[in-house]
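Undergrad: Below is the sequence, then the predicted model.
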Amino acid sequence: MALDSKQDTNKRDFKIVGTRPPRPDGIDKVTGRARYGADMSAPGMLVGLVLRSPHAHARIKSIDTSRAEALTGVHAVVTRADFGDVEDGATADTLDNCMAGAKALYDGHAVAAVAATSDAVAKQALKLIEVEYEPLPHVTDVDEAMAPGAPVLHEGRTNETVPQGMSANVISRCQFGHGDIEAGLAKADRVLERTYRTEATHQGYIEPHACLASMGSDGQADLWCCTQGHYMVRNTCAAILGLEQGKLRVTASEIGGGFGGKTTVFLEPVALMLSKKAGRPVKMVMTRSEVLRATGPTASSSIDVRIGMTKDGRITAGFAELRYQGGAYPGSPVDMGAMSAFAPYDLENVRTIGWDVVTNRPRQAAYRAPGAPIAAFAVESAIDELAKGFGLDPLEVRLKNAAREGTRASYGPTYRAIGLEATLRTAKDHPHWTAPLGPNQGRGVACGFWFNFGGDTCVSLNITPDGTVTLTEGNPDIGGSRASMSMMAAEELGIPYDKVRTVIADTGSLGQNEVTDGSRVTFAVGLATIEAARAAKREMCRRAAKVWGIDEDAVVWEDGAAKPSGPNAGEFPPMKLEEIAAIASNTGGPIAGHFEVNAEGAGVSFATHMVDTEVDPETGAVKVLRYTVFQDAGKAVHPDYVEGQFQGGAAQGIGWALNEEYVYGEDGTLQNPGFLDYRIPVASDLPMIDTVILEIPNPGHPYGVRGVGETSIVPPLAAVANSVSDASGVRLADLPLSPPKVLAAIRSR
Amino acid sequence: MSKIHVTTTINGDPAEFLCEAGDSLLDVLRDRLSLTGSKEGCGTGDCGACSVTVDGRLVCSCLVLGAEVEGRSVETIEGMAEGETLHPLQRKFIEHAALQCGICTPGILVAARSLLERNPDPTEEEVRYWLAGNLCRCTGYDKIIRAVLAAAAEMREAS
Amino acid sequence: MQYLSPTTIEEAVRYLAAQTGDCRILAGGTDLLVQLRSGLAEPESIVDIKRIDDLHQISREDGGWRIGAAVSGAEMGEHAALVADWPGVVEAVNLIGSTQIQGRATLAGNLCNASPSADSVPAMVAARAVARVVGPDGARDVPVIDIPTGPGKNALARDEFIASIFLPARPERSADAYLRFIPRTEMDIAVVGCGVFLKLGKDGTCADARVALGAVAPKVLLVEDAARALIGTSLDDAALDAFSAACSAAAKPISDKRGTAEFRVHVTGVLARRAALIAKNRAGGAAQ
């Protein structure tokens, strides 16, 4: 249901929204008191460990667990045979990913699991499980997987969008756009044709997956886990184990990072099954190696781009064909890449085609604006190359072609008010743009976009007898959202921020909540919070009216109190929230407000990033000197956390551009399953990351909020590549820009 | 093989535990002493989330055996505040929004305190290089560095 | 697995000699604990040498320095006089890993672990460091360069360990330097490492040189051709070019996930030149 929110957006004077109060979980987190996934224990708890395939692709001919089961201290062993069948296709894939069936599809694919009295016994038990594998040829590269004759992972999964005769690893094809590409290209003064490649990266959250499962013989179960969506965990595990959703209560721990990688399950169904068989709680914690080998990195890609531009910088046509491999199951985010690739531009002729391909790699999971950074890398690099080739200012070229309110987006819809132009103009006027550069230094810019989402949301706002407010919501806090919810509730109720406490309740407390993803929480949970607060206000006005003996319609809420709406209503002093709360029992009972919605109206968020780098021409090493993020937040509820999202996304993008990549060996096994050789940026790799928050309110939210968490990772890949190109004089179309690649390009110039 | 009996001092308090030869100090802190403030992010000394000090020296507790701290003094995140009073670094982290998910925060606070004990007036670069062994994936380090520099300034003022 | 913590060298040697299965020495543990955890090492016993007081000393000896095997890189970095004499060796060991790793890592451990890319080894070799090996037959001195025999393999017998590293007296007008190439700014294993020692004559020309390369061969490489290219010269561009070329020519690297062979060969020459200039400046030569 769409909300009529033309009322009171943006023109409002906010008292609390837009300020920077301390977060409610701050003290717990700086003292080590906060409990994350691996920080919980239960009496009688067993340790669960997973046995994983060492082969990239193999038929599992047999599994003999008898010796493991006989080992003293082992209380349960689980294989796929313990699970029933699952009807829903996506859930069936999830089950197969959590516990392999007929085939092991990637190095690290789970094939069995044990629960034992200690880590040492569990490790010993794993060694006693005998798996008979028949290794099969494997494929890890997206283009190789599409080629005829490639080793095939699944037969018969290809859908009707794919033309006959392609490899069975090609699962689907999508297409977006409008106009006539060839006609558009014909009008260009130059057409750039280039192929870009990106390698798979991992979200890199510092907290490995962990859970504690306790399942009773009566089919009721409790699960503690670090997740971005405990309702998703409940629903998925219930489906996999054949439980009713209400029988499984999931509590979300504090989460040590997710970025999309914890929007699905890996250990949880296995832990529940082990607990069921053992009759005791089972705790499972992944090692870093397991996280990298067997959770959900993002896709790797190859992308063909053709863009035509006139010599004064007008893009006459934009075309991209994107091939993404999403690991061993269908579902790479190529559709989102294809939709977002040209989203910042107002184009008469635009077309994108996306191919979803499977390979012998772990099943991909969402990674912050899934699919978009990859596509933006290609398109933004190409636009930069064309602009520079004509001697044009890259920001001017983008302004010339920028989408605005009323533009028909390349992926279909028409934009409402958007902030792209504001970010570009602000970037142009910013001192960073004209700061001098030294030898071997260069500057690059790029734009980015993310759709942002709404989704199923429930909020319950309860008022205690002493007039404090508890806000119960169902979305794990990955970036400071509890503070933002408390701020919006306090703003709406007209009470101080510290009178509101936001808690993330377990799945028994609310009906259903979409995971914390899609940059949805400040938007959707915020919207629901505001509506729940309004419902509570209406109820409190009713109570005041009852006490005063006047009509309900004659009472309004102002500055944290119920008041008669005018002199004709009666002369009654305002009744403050805590006064109404104190007499709630006598006026009808406890007071609450709640709101349930499938939120729509999320506003898209645009950004422009600017980065200076220095390239050592003798070694190819790249140093990031200066970085500025310009992004539209609609309305920044808590500016510190908005800045934090801008900075965090930029840092991940820098890592993706310069050093992060999955390296597979000839044998299809992952060569760098650790933080030593999977190189995320360290503190000394980065400068301060400056941020400029633009606020072009989203008409779909009562306060104008747009999601911000994802857009910030979309521009950096191209911004860094464009900067490196400016610094070194060479164009690289192949990420990451590791020193050997950069040096080779410089030397062959 | 019987377990090793270790007598040690943790955050100023006497402590005793039994452990296997191969148990790391991190395993012992978390699983035997219920001090779960130190985190395991990698188990190989590459992320710093398990940082503690042993006899005043900053180390990764995943790379120290439990048995090694016999007679030594261990300081963890749990010992950083004094009762209700937060260490200036802890306060500045909250003020400067220097944490998002917070999983790296204990390790970074322990490491930063060790830095300021040795160098009360570090430059931005010195802070970055000292903390290079503490990975953060959420913040991009910007607000963390600002918080450390702010805490250093406040601590210099106070002394 | 057994954990033993002797308090004297003799006790440690007795433990080693008495073990029948695989027995490992524990100093800083930054390699051993990683190997234990991954299952790469499954020793029956561990001998922790950090309770042996003698092994914690940094002391002057014959104008040089004797550094006990239990001394961490961080402690070396805090020793002003040692840093003044051998800045290259100290900076090398303090490039290993992170601040936390440097709080534990030791020269002897880095040496005996025998990774081809060990950071402290090229610097020690350039400095002509000597290992004091102790065993049942007493003590013997072995040049550091002779300790690693291949990736992960060293020349020690199973009942021997290194008790200390000796850095010789540093002559007048001489200095050492260590540089390595890594893709990030910290935390990585060296893709190429280069340790240089230079001695200048009174007239400012190069009187002695020693250069060792890491991460470009199965073990550390001492490049005598390169040293000869500098000796007798004023370390001008022509000499440095010849020096770089000799280092690149000596490098015999593999291609792996950290760098291609071609990249390593090229960067070897670049780093060697930069390290030589640093050593030259430290030795009192004019900056170039």
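TA: Right, received. Where do you want to start?
Undergrad: Does B:Thr9 have any beta-bridge partners, and if so which?
TA: Each beta-bridge partner of B:Thr9 is listed here, defined by DSSP bridges: B:Pro14, B:Ser73.
Undergrad: And for it, the neighbour number?
TA: Using other Cβ atoms under 10 Å in any protein chain shown, B:Thr9 is surrounded by 15 other residues. For glycine as for every other residue, the C-beta is placed from the backbone atoms N, C-alpha and C.
Undergrad: Does A:Glu614 touch A:Arg626 like I think?
TA: No. In this structure A:Glu614 lies outside contact range of A:Arg626 using Cβ atoms under 8 Å: 10.0 Å.
Undergrad: Quick check: closest non-adjacent residue to the residue most central in space within chain B.
TA: Of all residues in chain B, the one closest to the mean position by Cα atoms, centre = their mean is B:Val110, 3.0 Å from it. With Cβ to Cβ, 6 or more residues apart in numbering or on different chains as the measure, B:Ser51 is the residue that lies nearest to B:Val110, at 4.5 Å, once sequence neighbours are left out.
Undergrad: Same check on C:Ala283?
TA: On the basis of Cβ to Cβ, 6+ apart, the spatially nearest residue to C:Ala283 that is not a chain neighbour turns out to be C:Ala175, at 4.0 Å.
Undergrad: for the stretch 1-150 of chain C, what spans make up the helices?
TA: Counting by DSSP state H, counting those that start in this stretch, one finds helices in the stretch 1-150 of chain C at the ranges C:9-18, C:32-38, C:73-77, C:80-85, C:87-93, C:99-102, C:107-113, C:120-126.
Undergrad: So what touches the second one?
TA: Meaning helix C:32-38. By Cβ atoms under 8 Å, 6 or more residues apart in numbering or on different chains, the surrounding residues in contact with helix C:32-38 are B:22, B:24, B:43-45, B:62-65, C:24, C:26, C:40-43, C:46, C:109.
Undergrad: Strands of chain C, residue ranges please.
TA: C:2-4, C:23-26, C:45-48, C:58-61, C:64-68, C:130-135, C:138-143, C:148-150, C:153-154, C:161-167, C:174-181, C:192-200, C:206-214, C:221-222 (DSSP state E).
Undergrad: hmm, back to that, filter the contacts of helix C:32-38 down to the ones near chain A?
TA: Residues of the contacts of helix C:32-38 in contact with chain A (Cβ under 8 Å from any Cβ of the partner chain): B:Gly43, B:Thr44.
Undergrad: Quick check: residues of chain C near chain A?
TA: Along chain C, the residues adjacent to chain A under the rule Cβ under 8 Å from any Cβ are C:181, C:183-189, C:191, C:257-260, C:262-263, C:266-267, C:270.
Undergrad: mind checking how far the closest residue to A:Gly261 other than its chain neighbours is from chain C?
TA: The shortest distance from A:Gly261 to any non-neighbouring residue, by Cβ to Cβ, 6+ apart, is to A:Gln203 (3.8 Å). Distance check for A:Gln203 against chain C: by Cβ to the nearest Cβ, to the nearest Å, it reads 19 Å.
Undergrad: Please give me every residue in contact with A:Gln203.
TA: A:Gln203 sits next to A:257-261, A:296-298, A:365, A:367-368, A:652, B:137 when contact means Cβ under 8 Å, 6+ apart.
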